[in-house]
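Asker: Provided below are the primary sequence and the corresponding predicted coordinates.
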Amino acid sequence: MPVAPTYPGVYVEELPSGVHTITGVSTAVTAFLGYFSQGPMNQATQIFSVADLERTFGSLVANSEAGYGIQQFFANGGAEAWVVRVAAAPPAGSTDPAAPESAGIVIEEAPSGTAVLQVTAASPGSWGNNVRLAVDYNTPAGTAAFNLTVTLVDSSSPPAALTTEVYRNLTLDPTSPNYAVAVVNSASALVQLALVGTPAATALPAPTGTVGANVDTSSVTLASLVGPPLDVTFGGTTLTAVSLATAPTSWTGAAATLQSLLQGLTTGSPPVQAIPAATVTLIQGSGTDVQLVITANATAASSTFAFSGELATLLGLDATGADGTVTNVMQYALGGSAAGAQQTPPPTGGGAAGPATGSNGTVPNATGLIGDPVAKTGLYALDNVDVFNILCLPDVMNLDDGSAFAVISAAQTYCASRWAFLLVDVPQGGAGQAQRDTLTGIQDWLAQNSTLRSSYAALYYPRTQIPDPLNGYRLRAVGPSGTIAGLYAQTDGTRGVWKAPAGTAATLTNVSSLAYKMTDAENGALNPLGINCLRSFPVYGNVCWGARTLDGADQLASDWKYIPVRRTALYIEASLYQGTQWVVFEPNDEPLWSQIRLNVGSFMRGLFQQGAFQGSTPASAYFVKCDSDTTTQADINLGVVNILVGFAPLKPAEFVILQIQQIAGQIPT
């Protein structure tokens, strides 16, 4: 602020320079919408690697075109992406049947048996059926607290732990800083908790139970299976079954016999619920390692399964302790009935997944991909992302023509409003569309959908064939959008957004072959239509060999014919939009205009020095105008300041013509 001198002396005052540096925005942050087996629905999530993708959205699945596209994006040079998981939209008036939540479980209080906690998977999908919960009371003495261990296991046999979360000293007291619902829901990527009713602040969920028996390990062989009876205890009620009458001849026979035996346990005193066939599973292992899984609704504080004698050895229970006592911790399986806690052996004890109640749903339909701008679903989930530059919709490949047209059209409009660029994958999902990888097939599709032409989109042909890790690395045809988006990122980083992402240096990484190998003449038929070709050349391999937008057909004579011209303009527009926010509410007169010219001109000069424009001098390469000619008194009265920026874009050398002339020998005269 101005100095107010009051005494004789020297005063120091700092004056603003008027410099507001404009920093260029990113150019290759890519957004992917599509189907995934798990993860948050209709919510943009930032990732920086394939590992990030798998941690949030699960491992690669065969019907996720978006999953393959993202892997190709990072393989070809991509560094940052936003991912939105979508599913088929439900019919009007119904809930979404495509990706329901896993049913979850209700954990009861010990020892009353009153339900206290509802536990559900953090996101829809059958992945929730592989979530296991363990509750224990290994907490400081005198505290009414419990520990919760949440484990995500795979589908192998025995299951292996993929992710484990441990929450210690939790309580059901809403006023406590260790309140279980608040602590877990704010931190867990696997589950969400909710109180059932209004349990007492000192209530505790029932701990997970144990499997136990005294095992006589002497002289136990497969032929000695005739032994003590099998006792199965549910909440204090013991059901006794007859022992095996004869020795099985193989492990397969033993499994079938035991399964039949266990399914017959329907009597007892007092009577208890029968064990449904679907909840008894025997898994054949190696050697004597046969695993047993029994799942049933708990009717008391815990469920205990007691196995005695040689039968326990058959079931693969390892003896521990000097007295040979077998102990194997049980866990709650999340994917069970909501009527009671489901218990199965844990990953380390050879357990299997609980009943499959969650569903992965179906791949997105047009409504699911487009979404709702009010609810911010589908495309509009990206409203919460500050900047993205490229949009890929790989699952469009599975749609029919009509649905694909609606999605691509909506995506082009959305990209135009967000200074972004769409990479179009051609639909393959309708009848007869398998021919889209032929020359006439792609020409016919573009002719039938000519209204999709836009300078904010590009089309690449043909599809790429990549090794599929889910199918023995046999080749799989995938849409090229993910691969090309990664190529854009690589080219932007090494040469700049003004360089066409094409040429012999634009190698397609992790692409074994192309769905169609074209000749120069065929390339010449597609290029004038604005179709960018992917080619295979000796020495160079598979490369990108086109740089036109969908508005780049020769007959259109568009100013935005070339991809680097359009993307350079988008880069400048987005950068200046973000870099001139400081102008708002400043006094609208020459001091402001001169600062605008200084800052915008400095940004444009920096691009000129990097080789982004045509021309040998700044004056021939760009201009920035902001003065009384662009902003009249009428504009000032309306609160408007007008800034005019022009640039001479670089256009790719698409056709190289060599003229060769033969020099005639000198003829003496």
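Answerer: Cool, got the structure.

Asker: gap between the closest residue in space to residue 384 that isn't next to it in sequence and residue 84?
Answerer: Among residues not flanking residue 384 along the chain, residue 44 sits closest, at 5.8 Å (C-beta to C-beta, 6 or more residues apart in numbering). (C-beta placed from N, C-alpha, C; glycine too.) Distance, residue 44 to residue 84, using C-beta to C-beta, to the nearest Å: 5 Å.

Asker: Of these two, give the one with the bigger neighbour count.
Answerer: residue 84 (26 against 19; other C-beta atoms under 10 Å).

Asker: quick one: buried residues of the host helix or strand of that one?
Answerer: For residue 84, the host element (DSSP states H and E) is strand 81-85. Buried residues in strand 81-85, counted by 16 or more other C-beta atoms under 10 Å: 81-85.

Asker: Assign a three-state SS to residue 46, would you?
Answerer: When classified by DSSP: H, G, I helix; E, B strand; the rest coil, residue 46 comes out as strand.

Asker: Next SSE downstream of the biggest strand by length in the chain?
Answerer: Longest strand of the chain, by residue count under DSSP state E: strand 161-170. On the C-terminal side of strand 161-170, the nearest following helix or strand under DSSP H and E is helix 180-187.

Asker: Report the strands that pair with the helix or strand just after that following helix, each with its relative direction.
Answerer: Per DSSP H and E, helix 180-187 leads on to strand 191-195 as the next helix or strand towards the C-terminus. Its sheet considered, strand 191-195 pairs with strand 115-121 (antiparallel) by DSSP bridges.

Asker: other SSEs contacting the next helix or strand along the chain from the partner strand?
Answerer: Under the assignment DSSP H and E, the closest C-terminal helix or strand after strand 115-121 is strand 131-136. Applying 3 or more C-beta pairs under 8 Å, 6 or more residues apart in numbering; DSSP states H and E, we find strand 131-136 packed against strand 105-108, strand 146-153, strand 331-333.

Asker: now for the longest strand of the chain, which elements pack on it?
Answerer: strand 146-153, helix 180-187.

Asker: Hmm, residue 31 and the residue nearest to residue 384 touching each other?
Answerer: Yes - in this structure, residue 44 is within contact of residue 31 by C-beta atoms under 8 Å, at 7.3 Å.

Asker: Now do the shared contacts for these two.
Answerer: Here residue 44 and residue 31 have 82-84, 382, 385 as joint contacts, going by C-beta atoms under 8 Å, 6 or more residues apart in numbering.

Asker: I'd like these as CSV, with distance to residue 424 appended.
Answerer: Below are these laid out as CSV (distance: C-beta to C-beta, whole Å):
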residue, distance to residue 424
82, 19
83, 19
84, 18
382, 17
385, 20
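
Asker: Assumed residue 442 was part of a helix.
Answerer: Yes - looking at residue 442 with three-state DSSP, it is inside a helix.

Asker: And it, what's its pLDDT?
Answerer: pLDDT recorded at residue 442 is 93.

Asker: ok, residue 396 touching residue 423?
Answerer: No - counting by C-beta under 8 Å, residue 396 does not reach residue 423; the two are 10.4 Å apart.

Asker: which residues sit in contact with the residue nearest to residue 384?
Answerer: 31, 82-84, 381-382, 384-385.

Asker: Kindly report the same for residue 383.
Answerer: Residue 383 makes contact with 373, 376 under the criterion C-beta under 8 Å, 6+ apart.

Asker: can you pull out the helices in the stretch 351-500 of the chain?
Answerer: Under the criterion DSSP state H, counting those that start in this stretch, the stretch 351-500 of the chain contains helices at 366-370, 401-417, 439-448, 481-494.

Asker: nearest to residue 65, of those helices?
Answerer: Taking C-beta to C-beta, helix 481-494 is the member of the helices of the stretch 351-500 of the chain nearest to residue 65, at 8.8 Å.

Asker: That closest one relative to strand 81-85, how many degrees between them?
Answerer: For helix 481-494 against strand 81-85, the angle by axes from the mean of the first three to the mean of the last three C-alpha atoms, to 10 degrees is 160 degrees.

Asker: and helix 481-494, how far from the chain's centre?
Answerer: 19 Å (C-alpha atoms, centre = their mean, to the nearest Å).

Asker: all helices for the stretch 501-650 of the chain, in order.
Answerer: Ranges of helices within the stretch 501-650 of the chain are 520-526, 563-579, 590-609, 618-621, 633-637, based on DSSP H, counting those that start in this stretch.

Asker: per-residue confidence at the nearest residue to residue 523 once chain neighbours are set aside?
Answerer: Nearest-residue entry for residue 523: residue 533, 4.9 Å, with adjacent residues in sequence omitted and distances by C-beta to C-beta, 6+ apart. We have a pLDDT of 96 for residue 533.

Asker: Residues in a beta bridge with residue 533, which ones?
Answerer: Here residue 533, judged by DSSP bridges, has bridge partners residue 461, residue 545.

Asker: which residues touch it?
Answerer: Taking C-beta under 8 Å, 6+ apart, we find residue 533 in contact with 460-461, 518, 523, 526-527, 545-546.

Asker: next one: residue 449
Answerer: Residue 449 is in contact with 401, 405, 408, counting by C-beta under 8 Å, 6+ apart.

Asker: Same question for residue 149.
Answerer: Contacts of residue 149 by C-beta under 8 Å, 6+ apart are 133-136, 164-167.

Asker: Same question for residue 471.
Answerer: residue 62.

Asker: cool, residue 572 as well?
Answerer: Residue 572 touches 604, 607, 645, 647, counting by C-beta under 8 Å, 6+ apart.

Asker: Residue 169 is in contact with residue 183, correct?
Answerer: No - counting by C-beta under 8 Å, residue 169 is not a contact partner of residue 183; they are 9.3 Å apart.

Asker: For these two, indicate the residue with more neighbours.
Answerer: Neighbour count, other C-beta under 10 Å: between residue 183 and residue 169, residue 183 has more, with 19 against 16.

Asker: quick one: pLDDT of the more buried one?
Answerer: On pLDDT, residue 183 comes in at 96.

Asker: Next, work out how far apart it and residue 512 are.
Answerer: 48 Å.

Asker: One more: residue 530?
Answerer: 27 Å.

Asker: Can you give the domain ranges for the chain?
Answerer: 1-22+590-669, 30-91+362-565, 100-208+330-358, 211-320 (automatic domain parsing).

Asker: for these, which one sits closest to residue 579?
Answerer: Closest among the domains of the chain, using C-beta to C-beta: domain 1-22+590-669, at 3.2 Å.

Asker: about what we covered before: closest to residue 563 out of the contacts of residue 44?
Answerer: Nearest member of these to residue 563, counting by C-beta to C-beta, is residue 31, at 17.6 Å.

Asker: My impression was that that closest one belongs to a strand - is that right?
Answerer: Yes - counting by three-state DSSP, residue 31 is part of a strand.

Asker: Tabulate the contacts of residue 149 (JSON lines), appending distance to residue 454 and pLDDT.
Answerer: Shown next, in JSON lines, are those (distance: C-beta to C-beta, whole Å; pLDDT from 0 to 100):
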{"residue": "133", "distance to residue 454": "50", "pLDDT": "82"}
{"residue": "134", "distance to residue 454": "54", "pLDDT": "80"}
{"residue": "135", "distance to residue 454": "56", "pLDDT": "82"}
{"residue": "136", "distance to residue 454": "59", "pLDDT": "81"}
{"residue": "164", "distance to residue 454": "48", "pLDDT": "90"}
{"residue": "165", "distance to residue 454": "45", "pLDDT": "93"}
{"residue": "166", "distance to residue 454": "51", "pLDDT": "94"}
{"residue": "167", "distance to residue 454": "50", "pLDDT": "95"}
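
Asker: Identify the residues contacting residue 509.
Answerer: When contacts are counted by C-beta under 8 Å, 6+ apart, residue 509 touches 72, 75-77, 483, 486.

Asker: so which of the residues you listed is the most crowded?
Answerer: Most neighbours among the contacts of residue 509, by other C-beta under 10 Å: residue 483, with 32 neighbours.

Asker: what kind of secondary structure is the spatially closest residue to that residue that is not a sequence neighbour in?
Answerer: Leaving out its chain neighbours, the residue that sits closest to residue 483 by C-beta to C-beta, 6+ apart is residue 72, at 4.3 Å. Following three-state DSSP, residue 72 is assigned to helix.
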